[in-house]
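**Q** Test case, fold it:
(one chain, ligands or ions: 1)
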Amino acid sequence: MALDSKVPKGPIKDKWTDYKNHINLVNPANKRNIDIIVVGTGLAGGSASATLAELGYNVKAFAYQDSPRRAHSIAAQGGINAAKNYQGDGDSNYRLFYDTVKGGDYRSREANVYRLAEVSANIIDQCVAQGVPFARDYGGLLDNRSFGGVLVSRTFYAKGQTGQQLLLGAYSAMNRQIARGKIEMFNRHEMLDIVIVDGKARGIIARNLVTGEIERHSAHAVVIASGGYGNVYFLSTNAMGSNVTAAWKIHKKGAYFANPCYTQIHPTCIPRSGDYQSKLTLMSESLRNDGRIWVPKNMEDVMAIREGRKKPTDLSEEQRDYYLERRYPAFGNLVPRDVASRAAKERCDAGYGVNATGEAVYLDFASAITRYGKEQAKIHNITNASDAKIYELGQKIVEEKYGNLFQMYEKIVDQDPYKTPMMIYPAVHYTMGGVWVDYNLMTTIPGCYCIGEANFSDHGANRLGASALMQGLADGYFVLPYTIGDYLADDIRTGKISTDLPEFEAAEKEVSDRINFFINNKGTKSVDYFHKKLGNIMWNKCGMSRNEAGLKEAIEEISELRAEFWKDVSVPGGDKEFN
Ligand SMILES: Cc1cc2nc3c(=O)[nH]c(=O)nc-3n(C[C@H](O)[C@H](O)[C@H](O)COP(=O)(O)OP(=O)(O)OC[C@H]3O[C@@H](n4cnc5c(N)ncnc54)[C@H](O)[C@@H]3O)c2cc1C
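**A** Numbering: from 1, shown residues only. Next up, the predicted model:
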């Protein structure tokens, strides 16, 4: 199939406006006759569902969690980019576009990225109107911080809980539509297949996770907003529930998948502590605004720290290697994520890792605490403040900025990061590959759209932070609601899609047969056993560093594992219960 991106003609800065001026529209009365299924109610699906319903379409929204509030978007900590130039530091749509294209290794679809930059400011206005409590500065204006790889401050944030607050905004907007009957919410439902009728997406097959019932749902268009595939690595910063079933099922039915090799490795995660761990925890990139990354300069100090004979705070400045500041003086600790990750791996591979596994570097806040403390002492006219007083004043500022992250670190590692540096190591975090979509966000299956992290990210191999929330909300609030109308304009006379069609029957049977196969397979190994093995192959051979020989070995090993999975997997319970 020839792929047509459908990028409109004309100068890049006018494309989106001209396009919106000329696409087909569905009038408000006709919208009432059109049904749209949205699979996923994270930031992308939640914002899309709320907006489509507000426009007048009938939306059926699906999520496997018990509430949209629990979508994985809730985990996002650091912030969301927007070209508002509130700091007056030279930001503009063009700069956000340029940084994103550069951060995407020039593999982005530039027309989409320009559109993303254009609507970024609207996202902030929309969320503020919903009541999202973005951080504010002393004067009450919205505050910003910097993220890696850029030279301006354009990241809007709500402490270390930006995703949660944005999701509550989208969820409130959804709830208004649920109350009006414009969104029918199907919690605890997992989409297991798409139904295609006469070449168009016309519905889904979903399993009610409480009763185990298989259900048929029809619509005039289907939107997939099911998140990324980082969980293929087993250990990642994603929730274990973040599976890729929905995106994979549409791929199997004809939606192309693009750039699956693009995986973002985040440099600041809490290191792995052993083999029985199922999840890694992110320490937000925002911490690199104030934290300094280092390892000991000398191997004797590395060994002494690992053996508990020395503490990191025993080492003088001269005995530390602030390797990012040394190697990248312009960006320092705020280099892009991939650069920071590779540099940490390089130091750890060279033997300088500071924990028992040898896979950890320090993220140290002592300088920032002292700097803020001195400033506070001046502001409050405290002369001759002792070092302890300065530290106490500085700690308060750091606590205000990152308090919940520090608390989370202490709970997990049982060390106080105000007193001793955090330990961090890179981990799989976000996937830029995914379902291929055109300028309208439609997949290669007509009538099937894909938004948020599940699509292949128009921002290419982008390694810059705070882009994912921006893309998900741009797709859901400001792009899809326009582009889907262009397609649905042809459906105003179609009428309800019947779920008695043979295509629904066949798709349901396929799903039931597969479930029965797994329940009756009675193998000896759990799904988790295979997931862990797959994750190990992926991390070791398709992870932070890759080469031809390793990738070839991985292909062999994965196909052996796959054969074993089908032969020997054990799924407990029956087909009418949660398993
Ligand atoms: C720890 C962490 C921190 C992050 N911090 C930031 C940040 O600071 N800034 C930033 O820009 N990005 C950040 N990201 C990335 C960003 O949070 C995600 O890319 C984004 O939230 C994904 O949103 P989404 O709506 O596409 O998917 P998700 O939020 O993952 O939602 C997926 C939805 O799909 C549903 N679903 C999935 N499969 C099915 C199925 N088969 N049937 C029914 N429903 C299904 C789920 O129930 C859920 O509702 C972070 C990511 C992580 C992991």
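**Q** So which residue is dead centre in this protein?
**A** With the centre of the chain defined as its mean C-alpha position, the nearest residue by CA atoms, centre = their mean is Tyr430, 5.1 Å away.
**Q** Which secondary structure elements does the helix or strand containing that residue sit against?
**A** In this structure, Tyr430 sits in strand 422-431 according to DSSP states H and E. Using 3 or more CB pairs under 8 Å, 6 or more residues apart in numbering; DSSP states H and E as the contact definition, the elements that strand 422-431 packs against are strand 263-269, helix 337-349, strand 361-364, helix 387-413. Heads up, the C-betas are built off the backbone N, CA and C, glycines and all.
**Q** Next, work out how far apart the closest residue to Ile124 other than its chain neighbours and the ligand are.
**A** Nearest non-adjacent residue to Ile124, counting by CB to CB, 6 or more residues apart in numbering: Ala82, 4.6 Å away. From Ala82 across to the ligand, the span is 11 Å (CB to the nearest ligand atom, to the nearest Å).
**Q** Let me see the contact set for Ala82.
**A** With contacts taken as CB atoms under 8 Å, 6 or more residues apart in numbering, Ala82 has the following neighbours: 96, 120-121, 123-124, 154, 156, 470.
**Q** picking that back up, parallel or antiparallel, which strands does the strand holding Tyr430 pair with?
**A** Strand 422-431 has these partner strands in its sheet, going by DSSP bridges: strand 263-269 (antiparallel), strand 361-364 (antiparallel).
**Q** how about those, which one is nearest Glu392?
**A** Comparison of those against Glu392 by CB to CB identifies strand 361-364 as nearest, at 18.0 Å.
**Q** Next up, phi/psi of Leu192, please.
**A** According to degrees, to the nearest 10, the main-chain angles of Leu192 amount to phi -120, psi -10.
**Q** and the residue nearest to it when sequence neighbours are not counted, what element?
**A** Spatially, and ignoring its direct neighbours in sequence, Leu192 is nearest to Val511 (4.7 Å; CB to CB, 6+ apart). When secondary structure is defined by DSSP H and E, Val511 falls within helix 502-521.
**Q** just checking, Arg207 is part of a strand?
**A** Yes - under the criterion used here (DSSP: H, G, I helix; E, B strand; the rest coil), Arg207 sits inside a strand.
**Q** Return the distance of it relative to Ala61.
**A** Note on Arg207: its distance to Ala61, by CB to CB, to the nearest Å, is 16 Å.
**Q** What of Gly90?
**A** Using CB to CB, one gets 40 Å for the distance from Gly90 to Ala61.
**Q** For the two, indicate the residue with more neighbours.
**A** Neighbours of Gly90 and Ala61, each counted by other CB atoms under 10 Å, are more numerous for Ala61; the result is 29 against 9.
**Q** Quick check, pLDDT for that one.
**A** In the predicted model, Ala61 carries a pLDDT score of 98.
**Q** Offset the numbering so it begins at 55, please.
**A** Okay, using 55 as the starting number, the last item reads as Ala115.
**Q** For it, list each beta-bridge partner.
**A** Assessed by DSSP bridges, Ala115 has beta-bridge partners Val92, Met239.
**Q** Now the stretch 155-304 of the chain against the ligand: closest residue?
**A** Gly281 (2.6 Å; CB to the nearest ligand atom).
**Q** show me the contacts for that residue.
**A** Contacts here follow CB under 8 Å, 6+ apart; on that basis Gly281 touches 94, 96, 125-127, 292, 296, 298, 506-508.
**Q** The same query, at a cut-off of 7 Å, please.
**A** Residues near Gly281 by CB atoms under 7 Å, 6 or more residues apart in numbering: 94, 96, 126, 296, 506-508.
**Q** Equivalent analysis for Met337, please.
**A** Met337 makes contacts with 322-324, 459, 463, 476, 478, as judged by CB under 7 Å, 6+ apart.
**Q** what does Ser566 give?
**A** Residues touching Ser566, when contacts are defined by CB under 7 Å, 6+ apart, comprise Ile268.
**Q** do the same with the one 10 residues further on
**A** By CB under 7 Å, 6+ apart, the contact list for Lys576 reads Ser624.
**Q** Roughly how far does it sit from Phe584?
**A** For Lys576, the distance to Phe584 - CB to CB - is 15 Å.
**Q** try Met55
**A** Taken as CB to CB, the spacing of Met55 relative to Phe584 amounts to 32 Å.
**Q** Look at those two and report which has more neighbours.
**A** Using other CB under 10 Å, the more surrounded residue of Met55 and Phe584 is Phe584, with 19 against 6.
**Q** you'd agree the more buried one is in a helix?
**A** Yes - if the criterion is three-state DSSP, then Phe584 is within a helix.
**Q** Could you list the residues of the stretch 405-554 of the chain in contact with the ligand?
**A** Taking CB under 6 Å from any ligand atom as the measure of proximity, the stretch 405-554 of the chain contacts the ligand at 483-484, 506-508, 519-523, 526.
**Q** Point out the least confident one among those.
**A** Gly519 (83).
**Q** I'd assumed Val249 was in a strand, is it?
**A** Yes - residue state for Val249 (three-state DSSP) corresponds to a strand.
**Q** give me the number of residues near it?
**A** For Val249, the neighbour count with other CB under 10 Å is 26.
**Q** Kindly report the domain assignment for this protein.
**A** What automatic domain parsing lists as the domains of the chain is 69-316+486-545, 322-481, 576-633.
**Q** Compute the first-to-last residue distance for the longest one.
**A** Which is domain 69-316+486-545. Criterion CA to CA, to the nearest Å; first-to-last residue distance in domain 69-316+486-545 is 26 Å.
**Q** Run the chain-centre distance for stretch 562-579.
**A** For stretch 562-579, the distance from its own C-alpha centre to the chain's C-alpha centre is 31 Å (CA atoms, centre = their mean, to the nearest Å).
**Q** now do stretch 542-562
**A** Centre-to-centre, stretch 542-562 and its host chain are 32 Å apart (CA atoms, centre = their mean).
**Q** any residue of stretch 330-340 up close to the ligand?
**A** Yes - with CB under 6 Å from any ligand atom as the criterion, the ligand is reached by stretch 330-340 at Leu336.
**Q** Having no further points to raise, I will conclude here.
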